[in-house]
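# Output the structure for:
(one chain, ligands or ions: 2)
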Amino acid sequence: MSWVTDTRVTDNGVSPFIELERPTWARLAHSIEQPLDMDDLDRLSGLGEQLNLAEIREVYLPLSRLLYLYVQGAGHLHQVTNTFLGEETQRTPFVIGVGGSVAVGKSTTARVLQEMLRRWPDTPDVQLVTTDGFLHPNEELKRRGIMHRKGFPESYDRRGLLRFVSEVKSGADEVRAPMYSHLTYNILPDAEVVVRRPDVLIVEGLNVLAPARIRSNGTAGLALSDFFDFSVYVDARTQDIEDWYVRRFMKLRSGAFADPASYFHRYSTLTDDEARETALDIWHRINEPNLRENVLPTRGRAQLVLTKDADHSIRRMLLRKI
Ligand SMILES: Nc1ncnc2c1ncn2[C@@H]1O[C@H](COP(=O)(O)OP(=O)(O)O)[C@@H](O)[C@H]1O
Ligand SMILES: CC(C)(COP(=O)(O)O)[C@@H](O)C(=O)NCCC(=O)O
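Ligands and ions are numbered 1, 2, ... in the order given. Take a look at the predicted model:
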């Protein structure tokens, strides 16, 4: 296994990551007060089990402190750059990428981080954008014959996504992104997300850590992660993610799919066994191959890898050495 794409040690027996087991990590919160309560957690929990307060205190609180320190560090770098330039340039948003498989818990992690970072003194304005807004509309996916490849790198307007993040990091006052609806299973024609120089922007999506594309002349372009100040990869065993995917699908069946406006409304009448089979079929045809071929190989590019157990608790953290 190559050390470039993986998180293990190199041939020299060293690793680019510091490995921290959960108890060690938990101590790094020091005596910061627990900033979230049960009402916050109710709101932040997706379709899964309730997020648990111990998890927030032991894992996400130290993580939010680390990120806060990195934001401050970036502020110092900005100041020394201004000193060097002899002019007062404006600071750009601190951009955090959150990547990992479908159903691994990226959006839950991103939402928790958003709420926690908001509570730190220098970063009240934290915005969250998901990369699904940059999926090509279904009409375009059909035209290209890749409707069954949603989530694969080629299903995105990669140039548009790169332009979006590069404009945010250029300090533009207002940057707009399209929006995706899981209900209609398509890009919303009349909706957009407007990003106005937040303190922090979290960009969450399957492929945020994908390497630069190779152009037809053989040279490499820019990667999205070239514009990230920090990146997190949410990791778990593939079998566990499959279980979470199926479980979430079963919940959606009696929830969102029951809405006649849902693209997947036809699934709402399936029996339990039929629904499980359908979810497994989608997982094995689309999401698992995408994880194996495109998402997992980007894990070693992250600055922090969070590894989850079957119950969603984070048991290990790999933090890139500086
Ligand atoms: N920390 C957690 N505790 C409990 N359930 C979780 C946690 N993280 C994710 N889940 C559940 O796992 C499923 C997948 O999470 P989600 O954040 O929707 O994944 P993704 O955005 O990666 O597709 C959801 O049903 C979600 O509620
Ligand atoms: C919308 C997604 C591609 C994820 O988008 P992301 O925000 O991670 O870029 C994924 O959640 C999804 O719906 N995949 C499609 C699999 C299917 O056709 O059901």
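# Name the next helix or strand downstream of the worst-scoring helix or strand of the chain on mean pLDDT, please.
Least confident helix or strand, the chain: helix 38-44 with a mean of 72, by mean pLDDT, DSSP states H and E. Per DSSP states H and E, the first helix or strand lying C-terminal to helix 38-44 is helix 53-55.
# my read: Pro198 touches Val129, true?
No - in this structure, Pro198 is not within contact of Val129 by C-beta atoms under 8 Å, at 9.9 Å. Bear in mind the C-beta positions are built from the backbone N, C-alpha and C, glycine included.
# More neighbours: these two, which one.
Remark: of Pro198 and Val129, Val129 carries more neighbours, 24 against 18, as counted by other C-beta atoms under 10 Å.
# and the helix or strand that that one is a member of, is it in reach of ligand 1?
Per DSSP H and E: Val129 is located in strand 126-130. No - Strand 126-130 stays clear of ligand 1 (C-beta under 6 Å from any ligand atom), getting no nearer than 8.1 Å.
# Report the rounded mean pLDDT for whichever helix or strand comes after that strand.
For strand 126-130, the following helix or strand on the C-terminal side (DSSP H and E) is helix 138-143. For helix 138-143, mean pLDDT is 98.
# Following helix 138-143 in sequence, what is the next regular element?
Where DSSP H and E defines the elements, the next helix or strand beyond helix 138-143 is helix 158-169.
# in that following helix, what counts as buried?
Within helix 158-169, the residues that count as buried by 16 or more other C-beta atoms under 10 Å are Arg158, Leu161, Leu162, Phe164, Val165, Glu167, Val168, Lys169.
# mind putting these in JSON lines, distance to ligand 2 and pLDDT included?
Shown next, in JSON lines, are the buried residues of helix 158-169 (distance: C-beta to the nearest ligand atom, whole Å; pLDDT from 0 to 100):
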{"residue": "Arg158", "distance to ligand 2": "11", "pLDDT": "95"}
{"residue": "Leu161", "distance to ligand 2": "9", "pLDDT": "97"}
{"residue": "Leu162", "distance to ligand 2": "14", "pLDDT": "97"}
{"residue": "Phe164", "distance to ligand 2": "13", "pLDDT": "98"}
{"residue": "Val165", "distance to ligand 2": "13", "pLDDT": "98"}
{"residue": "Glu167", "distance to ligand 2": "19", "pLDDT": "98"}
{"residue": "Val168", "distance to ligand 2": "17", "pLDDT": "98"}
{"residue": "Lys169", "distance to ligand 2": "19", "pLDDT": "97"}
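# Return the residues of the chain in contact with ligand 2.
Counting by C-beta under 6 Å from any ligand atom, the residues of the chain near ligand 2 are Val102, Thr130, Thr131, Asp132, Lys150, Gly151, Gly205, Leu206, Ile282, Ile286, Asn287.
# now, which of these sits nearest Leu41?
Of all these, Thr130 has the smallest distance to Leu41: 20.8 Å, by C-beta to C-beta.
# and the gap between that closest one and Met179?
Per C-beta to C-beta, to the nearest Å, Thr130 is found 9 Å from Met179.
# between those two, who's got more neighbours?
A direct count of neighbours by other C-beta under 10 Å for Thr130 and Met179 places Thr130 higher, at 21 against 17.
# Run through the bridge partners of that one.
Note on Thr130: beta-bridge partners by DSSP bridges are Glu204.
# Contacts only, for it.
For Thr130, the contact set (C-beta atoms under 8 Å, 6 or more residues apart in numbering) comprises Ser107, Ala110, Tyr180, Val203, Glu204, Gly205.
# how about the helices in the chain?
For the chain, the helices defined by DSSP state H cover 22-27, 38-44, 53-55, 61-85, 106-118, 138-143, 158-169, 238-254, 272-282, 288-290.
# Okay, buried residues for the longest one please.
When burial is assessed from 16+ other C-beta under 10 Å, helix 61-85 yields the following buried residues: Leu61, Pro62, Leu63, Ser64, Arg65, Leu66, Leu67, Tyr68, Tyr70, Val71, Ala74.
# How about the last one?
Neighbour-count burial for helix 288-290 flags Glu288, Asn290 (criterion: 16+ other C-beta under 10 Å).
# ditto for the fifth one
Residues of helix 106-118 classed as buried under the neighbour-count rule (16+ other C-beta under 10 Å) are Lys106, Ser107, Thr108, Thr109, Ala110, Arg111, Val112, Leu113, Gln114, Glu115, Met116, Leu117.
# could the residues you listed go into TSV alongside pLDDT?
Below are these laid out as TSV (pLDDT from 0 to 100):
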residue	pLDDT
Lys106	96
Ser107	93
Thr108	91
Thr109	94
Ala110	95
Arg111	92
Val112	91
Leu113	93
Gln114	93
Glu115	90
Met116	88
Leu117	91
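# Closest one of those to Gln90?
Leu117 (20.2 Å).
# wait, doesn't Leu224 sit right on Val208?
Yes - between Leu224 and Val208 a contact is recorded at 5.7 Å, counting by C-beta under 8 Å.
# So which of those two has more stuff around it?
The neighbour comparison of Leu224 against Val208 (other C-beta under 10 Å) goes to Val208, with 28 against 25.
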